[in-house]
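Peer 1: Fold the stuff below for me.
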Amino acid sequence: MEEKQFAGILNGAVPGEPVKKDENSRRGNWGNQIEFVLTSVGYAVGLGNVWRFPYLCYRNGGGAFMLPYFIMLVFCGIPLFFLELSFGQFASLGCLGVWKISPMFKGVGYGMMVVSTYIGIYYNVVICIAFYYFFMSMTNLLPWTYCNNPWNTPDCSGVVSTSNQLNASLANATTTLVAGVSELVNRTKRTSPSEEYWKHYVLNISDDIGNFGEVRLPILGCLAVSWVVVFLCLIRGVKSSGKVVYFTATFPYVVLTILFIRGITLDGAINGIKYYLTPQWQKVLDAKVWGDAASQIFYSLGCAWGGLITMASYNKFHNNCFRDSIIISITNCATSVYAGFVIFSILGFMAHHLNVPVSEVADHGPGLAFVAYPEALTLLPISPLWSLLFFFMLILLGLGTQFCLLETLVTAIVDEIGTDWIIRNKTVVTLSIAVVGFLLGVPLTTQAGIYWLLLMDNYAASFSLVIISCIMCICIMYIYGHRNYFKDVEMMLGFPPPLFFKVCWRFISPVIISFILIFTVIQYKPITYNDYVYPGWSLAIGFAMALSSVVCIPIYALYKISRSPGATFRERLKNACRPHPKWGPALQEHRTGRYAAMASEDTVEARPLKEKEELREELKEEEKEKERKDEISLTIQGSNGSTNTHNNPNPSA
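Peer 2: Numbering: from 1, shown residues only. Next comes the predicted model:
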């Protein structure tokens, strides 16, 4: 007792008060449950919520798209989210370590790592471009407002009259309106100042994916800033990132609300919102709409990236991850819907001033974030302020996802090696991955970088995620066994999974995942960027990236089967699928029921070499002491037995 009090004083605790410590002192835990929820929200809510969901919504029937979207959320999104959270939390291991549940399927974990690597490389490039626009917005006049710049072409036609340039630059006039609409009518081809700024100045884009040209030094510098920020926020793992997310996960909602209030007060904003929400019910019968809804739910929640498993692994064992999964999933989808109001209020305003339909100014992906929206911002009074807010929001949305991508890789490596040295020097692993990620991102800052970024976005994490998620469901439900997993969840949460989730995990979710895969294959079209058609060799590289994560699964399975004991292939296959002896809760006090019979030697193996030897000696001494006590006990029982028999002729009485 005195030793505990002394340790508490050393840790800065007040005498007489309980010392707050991690449940898992070896790996660490979240500081509190709010940090986990905010981190997971930041992971799930990303750039796709701002630039992909609104585009899909208006393309697939407006308000009618909400019906299949929320149905897919209920039957696929939330169940898969809960499955991954419970999986990581139960074992307290990252996306590699959890496959002790069935070692043959560890290739799924390697596939998740490959996917997270690809996404982490190009995602930070998008963040760095947002950083660049953020820095360029620190001016009296946004540089993409007019067409009188060295990078503009004769086809450039701005929506803001050049006669207002002096007023706008000197006083940030609140009456900067469109006077160039008549000029647009006379032109057969129009390129906006924001588009030419994006293509000819920011990217200085080359004519072919193979023509790398020069590195764009401003973008390279912003990429370095992005990686430094990510590293500093993860320097102490979840202990530091858990504090940062209080800001990065919540402030985007403040910015969205400010932009929404400003947006709905603009002329034409209501038309944009009507276009966004007006249901076209006939499209509900279109299979493509359901496919888009399922894909958006699947990809936006971050399923099969490994990040959900990793984040949940730092939870305390009895945390209610069922409640968390519902909160985070609904928050993610509600954010998408809310962002749609913000985006389309601005696009409606832009369409009103250009005198064109909303559909002609709406776009998705980088085209919305770095072309259409910046152009709309030039129409707003005090446009640099709104530009700063918008790009700051994009930066925070991106960083929330990037934190988890990097932590996924770091945790997987640290858990896999598992030595005390690497656990103590986890910061070195984080720094190494950040440096490698920066170097691999350098080609994406060249003049051909945007081509490679879109190639990675379309192929690196497409159908491969669907295959990984489907195999994960099959392994847990049918190889490990649904009854075993339901008991594990009950041991952890104190109650079994609700019947609805049991049915979804076993039947409905795998069917929907299969539907997404089939839909993805049927709907496949070779990637293009505006009028540029990607050459065949680049598409081959794209497919190679997609397959590189999937191929990990059969390769590792064959390797594991070949190394498993057994006289026949069937015996080796059976042994490779059987759970590892160390599968189960990480801490000894949680290993109850069928996990209670953990061998003492397994506990020893988790310690440093010197401690192992000491513990082995202690175990031997304990065994000897136990044998000695047993001998004494038997001797006493023998003497008592003879005495009792002598005094009582009926021993059974």
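Peer 1: Residue 212 contacts residue 448, correct?
Peer 2: Yes: counting by Cβ atoms under 8 Å, residue 212 touches residue 448, with 4.8 Å between them. In short, each C-beta sits where N, CA and C put it, glycine included.
Peer 1: For these two, list the residues in contact with both.
Peer 2: Taking Cβ atoms under 8 Å, 6 or more residues apart in numbering as the criterion, residue 212 and residue 448 both touch residue 206.
Peer 1: Tell me which of the two has more neighbours.
Peer 2: Just comparing residue 212 and residue 448: by other Cβ atoms under 10 Å the higher neighbour count belongs to residue 448, 19 against 15.
Peer 1: Need the per-residue pLDDT for the more buried one.
Peer 2: Residue 448 is assigned 96 on the pLDDT scale.
Peer 1: Next one: it from residue 533, what distance?
Peer 2: Distance, residue 448 to residue 533, by Cβ to Cβ, to the nearest Å: 15 Å.
Peer 1: just residue 408 next, same as before
Peer 2: Separation of residue 408 from residue 533 (Cβ to Cβ): 34 Å.
Peer 1: out of these two, which sits in the more crowded spot?
Peer 2: Using other Cβ under 10 Å as the criterion, residue 408 and residue 533 rank with residue 408 on top: 30 against 11.
Peer 1: what's the following helix or strand after the helix or strand encompassing the more buried one?
Peer 2: Using DSSP states H and E, residue 408 maps to helix 383-417. Later in the chain than helix 383-417, the nearest helix or strand by DSSP H and E is helix 420-424.
Peer 1: Please state the mean pLDDT value computed over that next one.
Peer 2: Predicted confidence along helix 420-424 averages 90 (mean pLDDT).
Peer 1: Next: stretch 21-29.
Peer 2: Stretch 21-29 carries an average pLDDT of 85.
Peer 1: Stretch 241-253 too?
Peer 2: Taken as a whole, stretch 241-253 has an average pLDDT of 94.
Peer 1: Tell me where the stretch 201-350 of the chain has helices.
Peer 2: Using DSSP state H, counting those that start in this stretch, the helices of the stretch 201-350 of the chain run over 217-233, 238-248, 251-263, 269-277, 287-300, 307-312, 321-354.
Peer 1: With the stretch 51-200 of the chain instead?
Peer 2: Using DSSP H, counting those that start in this stretch, the helices found in the stretch 51-200 of the chain span residues 53-59, 66-72, 78-91, 106-136, 165-171, 181-185, 193-196.
Peer 1: how about the ones you listed in JSON lines, adding mean neighbour count and mean pLDDT?
Peer 2: What follows is the helices of the stretch 51-200 of the chain, written out as JSON lines (neighbours: other Cβ atoms under 10 Å; pLDDT from 0 to 100):
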{"stretch": "helix 53-59", "mean neighbour count": "22", "mean pLDDT": "84"}
{"stretch": "helix 66-72", "mean neighbour count": "19", "mean pLDDT": "92"}
{"stretch": "helix 78-91", "mean neighbour count": "26", "mean pLDDT": "97"}
{"stretch": "helix 106-136", "mean neighbour count": "24", "mean pLDDT": "97"}
{"stretch": "helix 165-171", "mean neighbour count": "14", "mean pLDDT": "36"}
{"stretch": "helix 181-185", "mean neighbour count": "12", "mean pLDDT": "36"}
{"stretch": "helix 193-196", "mean neighbour count": "22", "mean pLDDT": "91"}
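Peer 1: Looking at those, which is nearest to residue 306?
Peer 2: Closest of these to residue 306 is helix 106-136, at 3.3 Å (criterion: Cβ to Cβ).
Peer 1: between that closest one and helix 217-233, how big is the angle?
Peer 2: If you take axes from the mean of the first three to the mean of the last three Cα atoms, to 10 degrees, helix 106-136 sits at 120 degrees to helix 217-233.
Peer 1: how is this protein carved up into domains?
Peer 2: Split into domains by the TED database, the chain comes to 26-147+193-553, 580-627.
Peer 1: Give me the distance from stretch 398-410 to the chain's centre.
Peer 2: What separates the centre of stretch 398-410 from the centre of its chain is 7 Å, taken as Cα atoms, centre = their mean, to the nearest Å.
Peer 1: repeat for stretch 384-395
Peer 2: Distance of stretch 384-395 from the chain centroid (Cα atoms, centre = their mean) equals 23 Å.
Peer 1: Would you mark the buried spots in that stretch?
Peer 2: Neighbour-count burial for stretch 384-395, counted by 16 or more other Cβ atoms under 10 Å, picks out 384, 386-395.
Peer 1: just stretch 246-260 next, same as before
Peer 2: For stretch 246-260, burial by neighbour count (16+ other Cβ under 10 Å) applies to 248-249, 252-253, 255-256, 258-260.
Peer 1: Residue 563 is nearest to which of the domains of the chain?
Peer 2: Closest to residue 563 of the domains of the chain is domain 26-147+193-553 (Cβ to Cβ; 9.5 Å).
Peer 1: that older thread, what's the closest of the helices of the stretch 51-200 of the chain to residue 570?
Peer 2: Nearest of the helices of the stretch 51-200 of the chain (Cβ to Cβ): helix 106-136, 20.2 Å.
Peer 1: what's the angle from that closest one to helix 383-417?
Peer 2: 160 degrees.
Peer 1: Now do helix 106-136: which elements does it pack against?
Peer 2: Helix 106-136 is packed against helix 217-233, helix 383-417, helix 426-441, helix 449-459, helix 463-474, helix 536-550, helix 552-563, with contacts defined by 3 or more Cβ pairs under 8 Å, 6 or more residues apart in numbering; DSSP states H and E.
Peer 1: Out of those, which is closest to residue 130?
Peer 2: With Cβ to Cβ as the yardstick, what comes closest out of these is helix 383-417 (4.2 Å).
Peer 1: could you check the angle helix 251-263 makes with that closest one?
Peer 2: Per the same axes, to 10 degrees, the angle that helix 383-417 makes with helix 251-263 is 160 degrees.
Peer 1: Counting neighbours, what do you get for residue 462?
Peer 2: Neighbours around residue 462, by other Cβ under 10 Å: 20.
Peer 1: Just to check, it is in contact with residue 546?
Peer 2: Yes: using Cβ under 8 Å, residue 462 is in contact with residue 546, at 5.9 Å.
Peer 1: re the thing from before, can you tell me which of the buried residues of stretch 384-395 is closest to residue 551?
Peer 2: Of these, the one sitting nearest to residue 551 (Cβ to Cβ) turns out to be residue 394, at 33.8 Å.
Peer 1: Apart from its neighbours in sequence, what residue is nearest that closest one?
Peer 2: Nearest residue to residue 394, sequence neighbours excluded (Cβ to Cβ, 6 or more residues apart in numbering): residue 130, at 4.2 Å.
Peer 1: For the one you found, which residues are in contact?
Peer 2: For residue 130, the contact set (Cβ under 8 Å, 6+ apart) comprises 369, 391, 394-395, 398.
Peer 1: try it again with 6 Å
Peer 2: 391, 394-395 (Cβ atoms under 6 Å, 6 or more residues apart in numbering).
Peer 1: Low-confidence regions, the stretch 151-300 of the chain specifically.
Peer 2: 159-190 (pLDDT under 70).
Peer 1: Burial check on the closest residue to residue 107 other than its chain neighbours, number of neighbours?
Peer 2: Residue nearest to residue 107 in three dimensions, not counting chain neighbours: residue 556, with 3.2 Å by Cβ to Cβ, 6+ apart. A count of nearby residues for residue 556, using other Cβ under 10 Å, gives 20.
Peer 1: Please convert the helices and strands packed on helix 106-136 to TSV, extending it with distance to residue 321.
Peer 2: Shown next, in TSV, are the helices and strands packed on helix 106-136 (distance: least, Cβ to Cβ, whole Å):
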stretch	distance to residue 321
helix 217-233	24
helix 383-417	16
helix 426-441	24
helix 449-459	30
helix 463-474	16
helix 536-550	26
helix 552-563	26
